[in-house]
Each structure stands twice: as structure tokens, then as C-alpha cells.
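**Student:** this is a predicted model, with the sequence first.
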Amino acid sequence: MFLIREPVFLMPKIHLIREKQNKFGGAEVYLSRLSDALQQQGVDQKIINSIFPSMLPSWLRIILFNCQVCLSKGDKFYYSLERVICSDIYRAGDGVHKVFLTVEKKSKFNPLHVVYLFIEKRCFKNAKRIIANSNMIKRQIIDTYEIDPKKIDVVYNGVEPKKLDYDISFRKLSQEFDINNKDNILLFVGSGYKRKGVKEFLHIISKLKMDNIRAFVIGKEKNIRYYQELAKELKVHSKIVFTGAREDVDDFYNISDIFVFPTHYEPFSNVVLEAMSFNNAVFTTKQNGAHEILQDDYVMQSPTDYSIVKKIELLLESPEALTSIKDQNRLKSQHFSIKKNMQKTLEIINGVMND
């Protein structure tokens, strides 16, 4: 064993496994943060991504990536954020695909899902240890694949604390968008609008009775035209801005008041922690593992739990209450730093290496 605070020299190299490189993906963002934190700690590590072209079908890329990493494993230590059948430790940041299929009602005969289910079962069975990023995911792993609970550790995601000047962020965004300092700003951040609840977000905005509402939807979506048309049908198109993917998302967190994330299935969304760290009131669903760190009043029972509309209105009508929950969330987010995440992760890696 070694002291986390000191540079590590004797630990074997940790190979961090993830198929895709994507600066906007939640798992990829987490991997980047973890890799940086390990590097600062002096831990020898290397990220392994797929060597195969992205134009290949998804199901084939998954098979080929498993072949790539497993055939070359040897005595390498694998800490995988991807479903592979040869990981030493698997971090189930993508949740349980079998559960996801029931939530989204996807066809199990789609080649992608057939491959995922085949590999997922063996991934959970073969890994020496599993890290779940929420208790919700731990329960799903146990219930779905009958995995020994003692094999699973829960380590919540970590966020890197940041401090931005509000005035600078607001001045910058107000030059690009039609906003002023009297607006109540609501925010959604996430790519893949259907699963993450943009339709429900738009319905929530449509039910708010206040006029001075401005809402931003940030993230990639192939079918964005559908949501833009829906905003028109709900008569909120003048209040909603669809920005697409942005590299300056922190500025939007910084100026927003309330972050709403009515997702259908999310193991533990980084965006919840990020919004909290930037002083936002946060609402999300019970289907998001991140709900475990929120007060019950801010947890939606389902993506269509529109009882939060009244709660949002009460917050916006009471600056004192809004400020209070914002401050509470910022302080709470400090307990979920990437440094603490890394320390817990290294303890688990040490345990597996020393078995």
C-alpha cells in the first residue's frame, strides 16, 4: 500500500480503457479528469482508445475493440470504463444496458444491443472488481446479473471545482443572446435529447407562468429540428435557445439559476455535479443516480413529474430560498471532487493488485 498524497513509483502502469475519444461525452470527460488527477499524483497511466475507424457499425467496433484490448492484455492492469470482457476493474459508468433497454424499449434484436448484452454479462462476471457510480446502478447490477454485492464498490463521480466571474460570463453571453439581468435563466445540458429529457424540459418551461424566463438547451442532437418545432407548438420558442454543443458550457452554468435534467436513464450524470458547483438549484429524476445526492424536494419521480413546475416557481418568487439552495449545492459539490474520487479509486486498485 502507498500513501495517496505522495508520488507513486512502484505501482504498475494503469491502463485506462475507453473505446471513443469524445470531449463532450460524460464518461470521456470523467476519464480525462481522472487521468489528469492520476498524472498529478505521479501514477503511471495510459489511456487506450480504439484503433478502428469510426465509420464501422457500432456493434462491429465494440467486438473489434474487445479483440484489440483483450488480445494484447498480457500482464497489463486494466481499469476499464468500457464494457470489455478482460478488465481487472470495470467502472460501470454507462450503467446496465439490459436495464436501459427496458427503459427505452429498444429492440433486443438490433445487432448493437445483442453484442452489448453478450459482452456486458461477461464483463460483470469476469471483472475482479466493479465500481458503480451510484447505489442505483449497484442494485441494478446485482438484480440483473446476480453479482455478489461484495464485489461492487460505489464511488460517486468527481468534479473539478472552478470559479468564474459572473459578470464576465454574463457580459459575454448577453452579447450573443437576448438576455438581461432581470431574466430567470434555466438550463439543460446533455447530448442525445430523447433519453435525457429535452421534450419534458420544454413541457416544464411551457407550464411556467412567469414571463421573464430564458432557457438554454446545450448539447448535440441529430434530430434537433423536431425539438425546435415542439418549442413552437408549445409556444415557448421565444424563451428557448438551442445552442448545440458548446465548449464554453461553464459560462452557461455560471449565469443560470436553475438546472433541470428530466432524464429517462442516467447512471450518474456529471452535469448535475457541474451545475451544483456553479451555484445552481438542481432538479433531476429518480432515474438518474445523481438524485442520491439531492434533497427529496428536488427529485422528480419520473421525467413527466410536472409537480416541479410549482417548486420552480416558488424558488423564482423567493430570492432568499433560491440563494439558499444554490449555496447549499455549491458547498455539497465540494464533497465530490475528482481528487476524492481518485483517492477512493486508487484504494480499490491497490486492493485488487494486492490480492
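**Tutor:** In hand now; what should we look at?
**Student:** for the stretch 151-300 of the chain, what are the low-confidence residue spans?
**Tutor:** Of all residues in the stretch 151-300 of the chain, none has pLDDT under 70.
**Student:** what helix or strand does the nearest residue to residue 85 once chain neighbours are set aside sit in?
**Tutor:** Among residues not flanking residue 85 along the chain, residue 122 sits closest, at 4.4 Å (Cβ to Cβ, 6 or more residues apart in numbering). The way it works is simple: take the backbone N, C-alpha and C, and place the C-beta from them, glycine included. For residue 122, the element it lies in under DSSP states H and E is helix 111-126.
**Student:** got phi/psi on the residue nearest the centre of the chain?
**Tutor:** With distances taken as Cα atoms, centre = their mean, the residue of the chain nearest its centroid is residue 269 (2.7 Å). Residue 269 adopts backbone torsions of phi -80, psi 130, taken as degrees, to the nearest 10.
**Student:** that one contacts residue 290, doesn't it?
**Tutor:** Yes - Residue 269 is within contact range of residue 290, at 5.1 Å (criterion: Cβ atoms under 8 Å).
**Student:** hey, what's in contact with both of these two?
**Tutor:** Listed as contacting both residue 269 and residue 290 by Cβ atoms under 8 Å, 6 or more residues apart in numbering are residue 284.
**Student:** hang on, the earlier thing: how far does the helix holding residue 122 sit from the chain's center?
**Tutor:** 21 Å (Cα atoms, centre = their mean, to the nearest Å).
**Student:** not counting that helix itself, show me its contacts.
**Tutor:** For helix 111-126, contacts defined as Cβ under 8 Å, 6+ apart pick out 57-59, 62-63, 66, 80, 83-87, 90, 92, 96-98, 101, 106-108, 130, 141, 145, 147.
**Student:** do stretch 239-246 as well
**Tutor:** Looking at what lies outside stretch 239-246 - Cβ under 8 Å, 6+ apart - the contacts are 24, 177, 191, 202, 205, 213-221, 224, 227-228, 231, 252.
**Student:** go with 7 Å
**Tutor:** Applying Cβ atoms under 7 Å, 6 or more residues apart in numbering, the set of residues contacting stretch 239-246 from outside is 24, 177, 191, 202, 205, 213-220, 224, 227-228, 231.
**Student:** same thing with stretch 271-288?
**Tutor:** 157, 159, 161-162, 187, 189-190, 253-254, 256-266, 269, 290-291, 294, 298-303, 308, 315, 322, 325-326, 329-330, 332-333, 336.
**Student:** in strands, which of those fall?
**Tutor:** Residues of these located in strands (DSSP state E): 187, 189, 258-261, 299-300.
**Student:** between those residues, which has the most around it?
**Tutor:** Counting by other Cβ atoms under 10 Å, residue 261 has the largest number of neighbours within these, with 27 neighbours.
**Student:** with adjacent residues omitted, what lies nearest to that one?
**Tutor:** Of all residues beyond its chain neighbours, the one nearest residue 261 is residue 284 (4.4 Å), with distances taken as Cβ to Cβ, 6+ apart.
**Student:** residues near that neighbour, how many?
**Tutor:** 27.
**Student:** hey, where'd the helices end up in the chain?
**Tutor:** For the chain, helices defined by DSSP state H occupy the ranges 26-41, 58-71, 97-104, 111-126, 135-145, 166-176, 193-196, 198-207, 224-233, 249-255, 270-277, 308-317, 319-333, 338-354.
**Student:** just put these in TSV and tack on distance to residue 242 and mean neighbour count.
**Tutor:** Shown next, in TSV, are the helices of the chain (distance: least, Cβ to Cβ, whole Å; neighbours: other Cβ atoms under 10 Å):
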stretch	distance to residue 242	mean neighbour count
helix 26-41	20	18
helix 58-71	26	17
helix 97-104	22	16
helix 111-126	27	17
helix 135-145	30	19
helix 166-176	13	13
helix 193-196	9	19
helix 198-207	9	21
helix 224-233	6	14
helix 249-255	12	21
helix 270-277	16	26
helix 308-317	20	17
helix 319-333	25	15
helix 338-354	30	17
